[in-house]
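Student: here you go, sequence then predicted model.
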Amino acid sequence: MAEHRMQEADSRSGPASRGCMTVISLVVLSIAIAAMRSPAQPEVDYRARSVVPELRAIPTERLLDRLLTLDEDAAGMILLDGDVTSSFAAMDPRHDPLLQDYDPPLQPLPDEMREIIARGCAALPVLLRHIDDPRATRTHIVTHSYVRIGTFPRISRPHPQRQHLSKWPRAGMALSNGYDPRYDETDRQPAGVTTRWYEAGGEDIEHHTVTVGDLCYAMVGQIVNRDLAPFQYGGSNWLDVHSPVAVPALAAAVRKDWGGLVPAEHRRSLIEDAWAVHPDPWGSARVSGAVQRLCFYYPQAGEKTVLSLLSRDVYSLSRAVDQFTTLLDSTELSEQLRHFDTYRQKHGDNAATSVVILLRDEQDEMIENFEFLARPGTSISMSISIEEYRARFKRLQRLLPALERWLPDAHDPRWLASIVQQEQLIDATARFPSPRIDAAVEDVFRRSRQVADENGYELWGLAHALIARFSGRPEADRYREFLAQQETRAAPTQSP
C-alpha cells in the first residue's frame, strides 16, 4: 500500500515530500489500529470512579429511584438540548452554557445522573433493564393547546409544577422513532427505527410526562457516545419526543445495540468513533465526544488516541471552501480540472485533498436532499433554483471521479484534519491534564500557522482553545499576545 501511494506521488504529484507524508500517515493510522487491537493495558478502575463522592456507595437502582423527584428546572439538558454527545455530562453538569440564558436559568444536571454516567459500563445493565420503565417523574411537558390560563383542564388534579410549566409550553410535540445507531452499516440497523431525519415521525401529542425510561435512554447515550436524546428541539418551539416508553421500538433498538457491552468493546467503540472514516471538516460532536469519554473512562487509551489525532497533517478549511465554490461554479470539466491543478500546485496535495473531502460531503448531502424531495409534498428552501441545484449535482458527479483518481489518498482522509477539527479536539480535552498533549497542541498551532488562510480567523479559534487548555499557566499568555497582535493587524487604519 505504501509502495502504491509513493508511485502515485511520483507519477502524479511530483514532490518528494509526498512519500514522507504517506509514511507519516501510515504511522498515525497504525498507532490508532494498535490502540484498538493491543492487549488491554491497566486502566483506572472505571467502577471506582466517582464524580459525586457522597453518592459513590449508592447502588444504581437506588439512584434511579431518587430521580422520581426530578422537576423541570433540573432537567435542562435532557429536555432542551438535542445533542447529548456534544458535552460529557459526567464532567460538565451544566452541559450547555446557553441553558443559563433562560429566565429562570435551568439548573445543572442532577448529581444522581452524573454519578450513574460516570460508572460507565458498570451502569449499563441497570439502565437497559429500565429503558422502558414507565414510572413518572415530576416533569410534565405540555403544548400551548394543552394550556388554559393558569390551569391544565385535562389533568384531573392540579399539577405540582403547573405555574412554572405555564411559562414553558411548546408550540407542538410529536413522537419520533429517530435513532442514533451503534453501527453505520444499513444491514446492522435495528428494526422499527430510522436514522434519516425526514423519515422519523409519529403522532402529534399535547403532553408528555418524563419517565425513568426516558432518563435511562439519555444516560445510555452519554455513556456510549450516541445522540440518544429523549427530547429534541425542532425549531419554532417544536419538540420531538424520542421516548423509549412511548415508542417501544427505541427501547428494543438500544437493547439490541448495547446489551452485553463490556469495557474492552466500549473502549474499542470509542476509538472507532474518534477515528471516523469521513469526519465532518467543520468538526464532529461524535469525535469530540469520543475523546472526552476515552480520556475519562480509559485514560491511557484516551491519551494515545488524542496524540495520534493531533499529529495529523492540517489544512485550512477557509481556503478549501473558496476552492470548492470555484469548482462548483465552473461549468466545464476542463476548466474545473485546471482550477484544481493550479490550487494543488500552489498549496500542495493536502490542501487539494481537503477540497475533495468537501466535494464528497456535498455530494452525500445532495443525494439525501434528492431522496427527501422525492417524497410527496416536500420542499427545501434554497438560494438557487432546483434546476440549477440539479445541474450542480451533475457537475459534481462528473468532477469527483476525476479528482479521486488524481488523489487516491482522498478515499481515506483520516491522516488529514482541518484546523477547525483540531480546535474542537483541543477544546474536548481541555480538562484532561497531560504534558504530552500539552506539547502536541502547541505543535498543532505551529503547523496551522504555516497553512492558515491570510484572514486568520481559523487561528483565532485555535488560539482561544489553547488559552482554555493552558488556563492559569504561563503558556496561555503567549496565545493572548497572539490574539492581541491579530486584533491590531485587523484594526482599520485611521487616516490623518
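Tutor: In hand now; what should we look at? Numbers count the residues shown, from 1 in each chain.
Student: low pLDDT regions in the stretch 1-150 of the chain?
Tutor: Scanning the stretch 1-150 of the chain for pLDDT under 70 picks out 1-48, 71-86, 92-108, 144-150.
Student: so where do the strands sit in the stretch 51-200 of the chain?
Tutor: According to DSSP state E, counting those that start in this stretch, the stretch 51-200 of the chain carries its strands in the segments 136-142, 172-175.
Student: could I get those in TSV, plus columns for distance to Ser236 and mean neighbour count?
Tutor: Heads up, the C-betas are built off the backbone N, CA and C, glycines and all. Listed next are these as TSV, based on distance: least, C-beta to C-beta, whole Å; neighbours: other C-beta atoms under 10 Å:
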stretch	distance to Ser236	mean neighbour count
strand 136-142	16	20
strand 172-175	8	18
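Student: need the helices for the stretch 151-300 of the chain, in chain order.
Tutor: 162-165, 212-224, 248-258, 263-274, 285-297, 299-310 (DSSP state H, counting those that start in this stretch).
Student: and what of the stretch 301-450 of the chain?
Tutor: Using DSSP H, counting those that start in this stretch, helices in the stretch 301-450 of the chain cover 317-329, 333-347, 349-373, 386-406, 419-428, 435-451.
Student: could you identify which of those is most buried?
Tutor: helix 419-428 (a mean of 24; mean count of other C-beta atoms under 10 Å).
Student: what mean pLDDT does it get?
Tutor: Mean pLDDT, helix 419-428: 94.
Student: point out the most buried one among the helices of the stretch 151-300 of the chain.
Tutor: By mean count of other C-beta under 10 Å, the helices of the stretch 151-300 of the chain have helix 212-224 as the most buried, with a mean of 27.
Student: chain center to it: distance?
Tutor: 17 Å (C-alpha atoms, centre = their mean, to the nearest Å).
Student: picking up where we left off before, quick check: which of the helices of the stretch 301-450 of the chain is nearest to Ala246?
Tutor: Ala246 sits nearest to helix 349-373 of all these, at 25.3 Å, using C-beta to C-beta.
Student: can you name every helix or strand that the closest one contacts?
Tutor: helix 17-37, strand 313-315, helix 317-329, helix 333-347, helix 386-406, strand 416-418 (3 or more C-beta pairs under 8 Å, 6 or more residues apart in numbering; DSSP states H and E).
Student: make JSON lines from these and add distance to Gly178 to it.
Tutor: JSON lines is the format used below for the helices and strands packed on helix 349-373 (distance: least, C-beta to C-beta, whole Å):
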{"stretch": "helix 17-37", "distance to Gly178": "29"}
{"stretch": "strand 313-315", "distance to Gly178": "33"}
{"stretch": "helix 317-329", "distance to Gly178": "29"}
{"stretch": "helix 333-347", "distance to Gly178": "37"}
{"stretch": "helix 386-406", "distance to Gly178": "25"}
{"stretch": "strand 416-418", "distance to Gly178": "28"}
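Student: is it true that Leu327 touches Phe340?
Tutor: Yes. Counting by C-beta atoms under 8 Å, Leu327 touches Phe340, with 6.4 Å between them.
Student: what do those two both touch?
Tutor: Val355 (C-beta atoms under 8 Å, 6 or more residues apart in numbering).
Student: if I look at the residue nearest the centre of the chain, how far off is Arg226?
Tutor: The geometric centre of the chain, computed from its C-alpha atoms, lies nearest to Ala285 (C-alpha atoms, centre = their mean), at 1.2 Å. Computed as C-beta to C-beta, to the nearest Å, the Ala285 to Arg226 distance reads 10 Å.
Student: cool, and Ala465?
Tutor: From Ala465 over to Arg226 (counting by C-beta to C-beta), the distance is 25 Å.
Student: got the domain ranges for the chain?
Tutor: Annotated domains of the chain cover 47-258, 263-314+416-490, 317-412 [automatic domain parsing].
Student: run a quick neighbour tally on the closest residue to Gln222 other than its chain neighbours.
Tutor: With C-beta to C-beta, 6 or more residues apart in numbering as the criterion, Gln222 has its nearest non-adjacent residue at 4.6 Å, and that residue is Ile117. Ile117 has 24 neighbours, counted by other C-beta atoms under 10 Å.
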